[in-house]
Each structure stands twice: as structure tokens, then as C-alpha cells.
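no sequence for this one, just the structure:
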């Protein structure tokens, strides 16, 4: 059985989840030893649609993308369900869809729709009571399971830390399983949120982002000492992938102008790494078990698969 986010939080004083957005990133993160992965909403919409993260990724797009990531991995997945795609009534159906997709948790934020990245200016938040209704509806849809509802608040930028603390308490009372204050401004904000609630607090870190995010970079040890239970690194893998592709494409453009092509193994992984990561050996084993020997012989000219 796949473990759950709830089980990981019960077993560890702090957990770290890289932000994943496709099969490559999810499998690489799992192989790197991470026991929890969180989808990056921005990474999904940016990579799949080539568009900004401004609330245009549909619930179906999101849940289907999450289902594919769940199928590609064996560790629990936490999904970014954005604003919940509607009001307290429609959120119920949204959570049911993510439960069916196989994720272990969803985060729902209190931004006005269409939302925007938590570290971008111009955010707005809905009334506290409206968000409370969404949380109660979401909990009802996940009732009887270990599925977690993470209440994200973007209120610090609009209402200050006092407003965010009030919201965190209200969201906990409504049944949220964790609080996710986004764009915290430093240690003091984190301390205030952690002290205000009894449920786990999740903080997003911009590790690897060249442009400074709203939240200053802190070590995992520092966050643990502040009482943070969950740290997500949402932008690292998409940004690293873009950087790697930019470098490779630059070299490719230069190579077009040269008389001789020169291999650049420093820019890429070898084919064996890709086939191993994607599980080709399992497919070959299934072929060997179930295809007639004659067909194997025609396909590989070997008679058997070694």
C-alpha cells in the first residue's frame, strides 16, 4: 500500500517535498530518496500549456496530470488544487476527483479567482467565512480516509500577519489538516502561525530561484526549530529543467554553424539512464514472459531476451 502524507507527518518531525510536474521529475525525485512529492501548480500549467499560472488550468487538466504522476511513482503525492475551482459546493466534487486520482492530499487556497502565483503582486483573498465553507465541504468529500486538506492562505500580503493568524485559526476550526501560509516574510511570521494552530504548518521555500522570492531562504534545520512540519520546494525542478534545456539549445545552435559535430555528454544523461528511469526492463521482462518465442526472435533476432 502507498503510504500517506498523514503517516509521514506522524513518523517524522519534518518532511520535505520537491515540486514535480511530470513523469521525469516525479521519478527522479523518488529515486533521489524523497518520500513525499508535491505537484507544482505553476509547473503543471507552464509546462503543459506554455501559459502563466493565473487560474486557467482546469480541474480536469489538473486531476488528470496528477493521476499520471501517481501512476508513475510509489510515494504519496500532494496536489495543488488552486482555489478549489469554485464555491463551497463545487469544491466537494473537486476533492472527490483528486481522491479518485490517487493523491494523498490537496491544498486549497483562499485567493480570489482567477488566482496568481503567491509571490506576485496584486493578489486578493476571499472572505474568511467563504474559505471556511470550502474547507468544511472539502473535508466532507474526503471523510473516512487519510486524505488531507491543506488550507493555504495568501492573506499576509493583504491583511498582514494578524489577518493570516486569524484565518489560520478559523481554517483549523473548520477541519483543515494543515496550514500553508504562502509568501511568509521571515522567522517572525512563521513563529506566529505555528504558535496559533495545533495542526502541521507547511512552508514553501524558493531554493534554487535566482530572483529573490518574498520568503527568505532558510535551512531545513532552522525551519524545524521554528516548528515547521512540512517544507515544499515548488520551483526548483522546473527552473532546473529550463536552465538545462537552455544550455543544451545554446550549444545546439552553435553546433549548427560548425563543420563537425562534437559530442557533449556533459549536457545530457545517457540513453541507459533514460530507459532505466522509465522502466524499460520491466516491459522487456513482460515481453519475455508473454510473447511467443517466434515473435521475440523476429523482434530482436536473439531467440530469447537476456
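Good, I have the coordinates. Predicted, not measured: the structure shown is a model, and the values here were computed from it.

Could you name the helices and strands sitting against the helix or strand bottoming out on mean pLDDT in the chain?
Sorting the helices and strands of the chain by mean pLDDT, DSSP states H and E puts helix 293-300 at the bottom, at a mean of 88. Judged by 3 or more C-beta pairs under 8 Å, 6 or more residues apart in numbering; DSSP states H and E, helix 293-300 is in contact with helix 280-290. In short, each C-beta sits where N, CA and C put it, glycine included.

ok now the helix it packs on, how far from the chain's centre?
Centre-to-centre, helix 280-290 and its host chain are 31 Å apart (C-alpha atoms, centre = their mean, to the nearest Å).

and if you look at stretch 180-189?
Chain-centre distance of stretch 180-189: 19 Å, with C-alpha atoms, centre = their mean.

Pull up the distance across that stretch, start to finish.
End-to-end span of stretch 180-189 (C-alpha to C-alpha, to the nearest Å): 12 Å.

Only the buried residues of that stretch, if you could.
180-184, 189 (16 or more other C-beta atoms under 10 Å).

mind giving me JSON lines with the residues you listed and columns for secondary structure, pLDDT and distance to residue 236?
Shown next, in JSON lines, are the buried residues of stretch 180-189 (DSSP: H, G, I helix; E, B strand; the rest coil; pLDDT from 0 to 100; distance: C-beta to C-beta, whole Å):
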{"residue": "180", "secondary structure": "strand", "pLDDT": "98", "distance to residue 236": "17"}
{"residue": "181", "secondary structure": "strand", "pLDDT": "97", "distance to residue 236": "20"}
{"residue": "182", "secondary structure": "coil", "pLDDT": "93", "distance to residue 236": "16"}
{"residue": "183", "secondary structure": "coil", "pLDDT": "87", "distance to residue 236": "17"}
{"residue": "184", "secondary structure": "coil", "pLDDT": "94", "distance to residue 236": "18"}
{"residue": "189", "secondary structure": "helix", "pLDDT": "96", "distance to residue 236": "22"}
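
Of these, which pair is most distant in space?
Using C-beta to C-beta, the buried residues of stretch 180-189 span at most 12.8 Å, a distance reached by 180 and 189.

about what we covered before: same list, the buried residues of stretch 180-189, but as TSV with distance to residue 85 please.
As requested, the buried residues of stretch 180-189 are arranged in TSV below (distance: C-beta to C-beta, whole Å):
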residue	distance to residue 85
180	18
181	22
182	18
183	22
184	25
189	28
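
nearest to residue 55, of the residues you listed?
When the buried residues of stretch 180-189 are compared against residue 55 (criterion: C-beta to C-beta), the nearest one is residue 182, at 15.0 Å.

in the least confident helix or strand of the chain, what's buried?
Per 16+ other C-beta under 10 Å, helix 293-300 contains these buried residues: residue 296.
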